[in-house]
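Engineer: How does the following fold in three dimensions:
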Amino acid sequence: MRIARLCCLLLLAGSSFAVQAKMVHRSVEWSQDGTRFHSILVYDDATTAKRPGLVMVPNWYGVNNAAVRKAEMIAGKDYVILLTDMYGASVRPQQGHADQAQAAVKPLYGDRALMRKRVSEALAQLKAQAAGAPIDSSKLAAIGFCFGGSAVLDLARSGADVAAVVSFHGGLDTDKPALAKNIKARVLAMNGADDKGTMPDADKFMDEMRTSPADWQFVVIGHAVHCFTEAGENSPGCRYDERAATRSYRLMHDWLRAAFAGTP
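Structural biologist: Take a look at the predicted model:
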């Protein structure tokens with residue numbers, strides 16, 4: 001009888017721990033040039049172990065439920081992620097409304113210095129979270145998707161002190177190719193071979209990267225078009241591809257591990 005009671009208590013204790021361990025969503029707000037930004041810090045609190053911190057810039061729909069789910073999936077127990085608001089708290093394009101998303105990104109594509117300023121502030125805000133979140137401040141990186149890929153490549157071009165940046169089906173162009181000489185991060189860009197929006201800039205991007213002192217890699221994924229990591233997208237030019245997504249995530253994890261370890 002005592003053994004049975006003890007087993008029940010142990011099971012209850014285990015269940016209690018399982019309930020307590022969860023993905024944390026913590027609001028992170030700041031103001032820049034009169035605009036208020038609302039981002040979300042995402043991590044698993046099942047362990048208190050410090051882990052690398054990632055700035056994550058989502059696709060052009062910005063911070064929404066789909067982006068939060070993707071941040072949770074990538075974070076797991078491996079990273080603390082700052083899901084970054086690049087538009088300002090009052091600008092939230094609705095999923096599926098491309099016209100709203102286009103209007104949101106237009107000012108940033110039109111002013112790349114502003115894009116670099118905003119994503120650089122996001123990195124500063126991630127660093128500031130280390131006081132209250134399990135972030136290893138010696139291991140910082142940035143990842144981005146579509147528009148977000150453009151943003152994190154610009155973060156690298158700004159000379160940010162991060163170990164790596166990873167761009168998924170991101171825009172490859174820049175307003176100032178000469179900024180490549182500032183890159184300190186290890187740069188991984190992954191684009192679909194049939195992405196008609198980004199691949200026309202591929203040769204210019206590689207020429208730019210050749211002038212950079214940084215370790216870089218450009219991966220072209222066969223038969224993939226734009227949006228290959230964006231679950232639910234299924235149009236001819238913007239389509240989720242499970243094979244390409246799985247492969248690209250594996251490459252990301254390998255790239256980040258090597259960058260944080262300082263190995264080739």
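Engineer: contacts, neighbours, all on C-alpha from now
Structural biologist: Noted.
Engineer: which residue ranges form the helices in the stretch 151-264 of the chain?
Structural biologist: With DSSP state H, counting those that start in this stretch as the criterion, the stretch 151-264 of the chain has helices at 202-210, 242-261.
Engineer: Of those, which is nearest Met73?
Structural biologist: helix 242-261 (10.5 Å; Cα to Cα).
Engineer: What residues of that closest one count as buried?
Structural biologist: Ala244, Ala245, Ser248, Leu251, Met252, Trp255, Leu256, Arg257, Ala259, Phe260 (16 or more other Cα atoms under 10 Å).
Engineer: Redo these as TSV? Include pLDDT and distance to Ile183.
Structural biologist: Below are the buried residues of helix 242-261 laid out as TSV (pLDDT from 0 to 100; distance: Cα to Cα, whole Å):
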residue	pLDDT	distance to Ile183
Ala244	98	27
Ala245	98	26
Ser248	98	22
Leu251	98	20
Met252	98	18
Trp255	98	16
Leu256	98	16
Arg257	98	19
Ala259	98	14
Phe260	98	16
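Engineer: Quick check: which element contains Glu121?
Structural biologist: helix 112-128 (DSSP states H and E).
Engineer: Counting by contacts, list what that helix packs against.
Structural biologist: For helix 112-128, the elements it packs on are strand 51-57, helix 98-110, helix 147-157, judged by 3 or more Cα pairs under 8 Å, 6 or more residues apart in numbering; DSSP states H and E.
Engineer: nearest to Ala128, of these?
Structural biologist: strand 51-57 (11.0 Å).
Engineer: Would you mind pulling up the elements that that closest one packs against?
Structural biologist: So strand 51-57, by 3+ Cα pairs under 8 Å, 6+ apart, packs with strand 80-83, helix 112-128, strand 135-145, helix 147-157.
Engineer: Please identify the most buried of those.
Structural biologist: Compared across the helices and strands packed on strand 51-57, strand 80-83 shows the largest average neighbour count, a mean of 30 (mean count of other Cα atoms under 10 Å).
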